[in-house]
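Provide a 3D model corresponding to the input given below.
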Amino acid sequence: MSAAARGSTCKTAPPLRARGWGGTGSRATSPRLPSPGPRLTAPVLSLQNSKTVQGLTGLRNLGNTCFMNSILQCLSNTRELRDYCLQSQYLRDLNNTSRTHTALMSEFAKLLQLLWTSPPSDAVSPSEFKTQIQRYAPRFVGYNQQDAQEFLRFLLDGLHSEVNRVLVRPRASADNLDHLPDEEKGRQMWRRYQEREDSRIGDLFVGQLKSSLTCSECGYCSTAFDPFWDLSLPIPKKGYGEVTLMDCLRLFTKEDVLDGNEKPTCCRCKARTRCTKKFSIQKFPKILVLHLKRFSEARIRTSKLTTFVNFPLKDLDLREFAAQSCNHAVYNLYAVSNHSGTTMGGHYTAYCRSPVSGEWHTFNDSRVTPMSSSHVRGSDAYLLFYELASPSSPWCPRGGEDRTTPRGAGAQAPPPGREGKAAPGMAARAVPGIGGARRGRAGTEELELRPRRRQGLAFSFVSSLWCVIKC
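Just a heads-up that it's a prediction; the model follows:
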């Protein structure tokens, strides 16, 4: 049993380590403990026509670890990530000869190999993996209730950092790109990010978000491009009407007005002016993680929304949210992390579609049972995992052209960074392994790196576009 902590809001993708995540201190200052045991040298497993490779093995609950088990099963059914681990491709990417700094990736791969080769009647203990994730992120030490989204972000950040292809980060460029067309500016910002953060984990999970601020007085528009690892979507209030996932996405990308105390200073008007803010997606990730913001933090207590959100299992078409005309932005659902219960106590489970059989199963800790696809949608859905249906370029160039930027020149792999949770070279909160962008209350810019982040960063995103006057 595990309770949902607060729903972390989506964030852009900066390096997770630099971010303050709350709990026992920031990742930036958390010491790394020595890692026992030799590095895993896993055999290459063939997933073709193998009766022994099933992926229907459960995970033992070690005590309030259902949040971890739910996310691990969702990742285990992420086809390309599974192949990366089961075929031991990760071994060539381990970027540190010291076992101390590669133990998390090795234990994660070992765990996935066990899940895919053990008999369904068995249940695998994730204790060794838990030892490594709590060495990387001390907030997971012990058996307290935790939030599944926060765990996912920390885990992806840790995996990314251990297989980051960039061993020596270049100095951040000071070149101003505001003179470039938005599409080219986005590509250049992506290139800068990838020069510092580049891993197979990022190749799969990171996209790029475009944020625009327009002055209502002079019409000046400023744009910023940030990597994200997930998107935190607000759930609209519709009375007795049905709420759909598209409603949540439209609310997230809806143009907001910044007025009153939220007014930024327009660099052209040289004064605080009313302006509008809008998000759109510049680059679609291969794996899109959508976080439904079911937990809201009030002054007195945290509450949970149990609104049923109707989401598609196939053909989620996101082209209307693209920054430019786009032909390839259709996704299919393959996993859901569910939270039942309240903010005081609850339980996480996972619904996953097998990348081998295409059949859906319920993963409830050590218990794995088949399920009908008609039961996947429910009011407990918390994190939705979608896979890009088209193998074509995730970039959305003008005119719907399918242009792919060569790797190395700004292609498609954003990874979490190690120095902070904000993407290198990106304004706002780019977080590796955890990124996402979030929309807060009416017109409030909340691209923060994490819940409970330190003061002074609340308007880091806006200030990167405008000259914000601090009170």
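
In contact with the closest residue to Asn338 other than its chain neighbours, which residues are there?
In this structure, Asn338 finds its nearest non-sequential neighbour in Asp380, 4.0 Å apart by Cβ to Cβ, 6 or more residues apart in numbering. Just so you know, the C-beta spots here come from the backbone N, C-alpha and C atoms, and that holds for glycine as well. For Asp380, the contacting residues are Asn338, His339, Ser340, Thr349, by Cβ atoms under 8 Å, 6 or more residues apart in numbering.

and the last one, what does it touch?
Listed by Cβ under 8 Å, 6+ apart, the contact partners of Thr349 are Cys66, Ser70, Ser337, Asn338, Ser340, Thr362, Phe363, Asn364, Asp365, Asp380.

Inside helices: which ones of those?
Cys66, Ser70 (DSSP state H).

so where's the protein shaky on pLDDT?
Per-residue confidence for the chain (pLDDT under 70) gives these ranges: 1-53, 96-100, 299, 390-471.

For Pro227, list each beta-bridge partner.
Bridge pairing for Pro227 (DSSP bridges) gives the partners Gln208.

before we move on, what about the one 5 residues further on?
Ser232 has these beta-bridge partners by DSSP bridges: His291, Arg438.

Start the count at 750 instead of 1 going forward.
Right, with 750 as the first residue, what we last looked at is Ser981.

Test my guess that it contacts Ser1045.
No - distance between Ser981 and Ser1045: 11.6 Å, which falls outside the contact criterion (Cβ atoms under 8 Å).

The two - which one has more neighbours?
Ser981 (25 against 16; other Cβ atoms under 10 Å).

Quick one, which of the contacts of Asp1129 are buried?
Of the members of these, the ones counted as buried by neighbours, 16 or more other Cβ atoms under 10 Å, are Asn1087, His1088, Thr1098.

Out of these, which sit inside strands?
Of the positions in the buried ones among the contacts of Asp1129, Asn1087, His1088, Thr1098 sit in strands, assigned by DSSP state E.

before we move on, back to that, out of the contacts of Asp1129, what pair is the most spread apart?
Within the contacts of Asp1129, His1088 and Thr1098 form the most distant pair, 8.4 Å apart (Cβ to Cβ).

Check which helix or strand Leu953 maps to.
Leu953 belongs to helix 949-954 when assigned by DSSP states H and E.

For that helix, output the C-alpha coordinates as PDB.
Once side chains and other backbone atoms are set aside, the C-alpha atoms of helix 949-954 remain, and they are given as PDB (Å, rounded to 0.1, in the frame of the first residue of the first chain):
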ATOM      1  CA  ARG A 949      19.200   6.200 -25.000                       C
ATOM      2  CA  ILE A 950      16.900   6.900 -22.100                       C
ATOM      3  CA  GLY A 951      16.500  10.500 -23.300                       C
ATOM      4  CA  ASP A 952      16.100   9.300 -26.900                       C
ATOM      5  CA  LEU A 953      12.900   7.600 -25.800                       C
ATOM      6  CA  PHE A 954      11.300   9.800 -23.200                       C
END
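
That helix - contacts with which helices or strands?
With contacts defined as 3 or more Cβ pairs under 8 Å, 6 or more residues apart in numbering; DSSP states H and E, the packing partners of helix 949-954 are helix 828-835, helix 897-911, strand 1036-1041.

how about these in JSON lines, adding mean neighbour count?
Putting the helices and strands packed on helix 949-954 into JSON lines (neighbours: other Cβ atoms under 10 Å) gives the following:
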{"stretch": "helix 828-835", "mean neighbour count": "21"}
{"stretch": "helix 897-911", "mean neighbour count": "28"}
{"stretch": "strand 1036-1041", "mean neighbour count": "25"}
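
Nearest to Pro1104 among the ones you listed would be which one?
The minimum distance between Pro1104 and the helices and strands packed on helix 949-954 falls on helix 828-835, with 4.0 Å, by Cβ to Cβ.

Leu1132 against Val1038, yeah?
Yes - with contact defined as Cβ under 8 Å, Leu1132 counts as touching Val1038 (6.2 Å).

For those two, list the residues in contact with both.
Counting by Cβ under 8 Å, 6+ apart, the shared contacts of Leu1132 and Val1038 are Leu901, Asp979.

which residues of the protein fall in helices?
815-825, 828-835, 852-866, 876-885, 897-911, 931-943, 949-954, 994-1002, 1209-1214.

Direction-wise, compare the third one with helix 897-911 and give the angle.
Taking axes from the mean of the first three to the mean of the last three Cα atoms, to 10 degrees, one finds helix 852-866 and helix 897-911 inclined to each other by 110 degrees.

could I get the helices of the chain as TSV with distance to Ser1029?
As requested, the helices of the chain are arranged in TSV below (distance: least, Cβ to Cβ, whole Å):
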stretch	distance to Ser1029
helix 815-825	27
helix 828-835	26
helix 852-866	33
helix 876-885	33
helix 897-911	22
helix 931-943	10
helix 949-954	19
helix 994-1002	6
helix 1209-1214	15
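
closest one to Gln803 among those?
When the helices of the chain are ranked by proximity to Gln803, the top entry is helix 852-866, at 6.8 Å, counting by Cβ to Cβ.

Can you tell me which helices and strands the closest one packs against?
In this structure, helix 852-866 packs against helix 815-825, helix 828-835, strand 872-873, helix 876-885, helix 897-911, with contacts taken as 3+ Cβ pairs under 8 Å, 6+ apart.

Save those as TSV, and put in distance to Ser965 too.
As requested, these are arranged in TSV below (distance: least, Cβ to Cβ, whole Å):
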stretch	distance to Ser965
helix 815-825	42
helix 828-835	44
strand 872-873	57
helix 876-885	45
helix 897-911	34
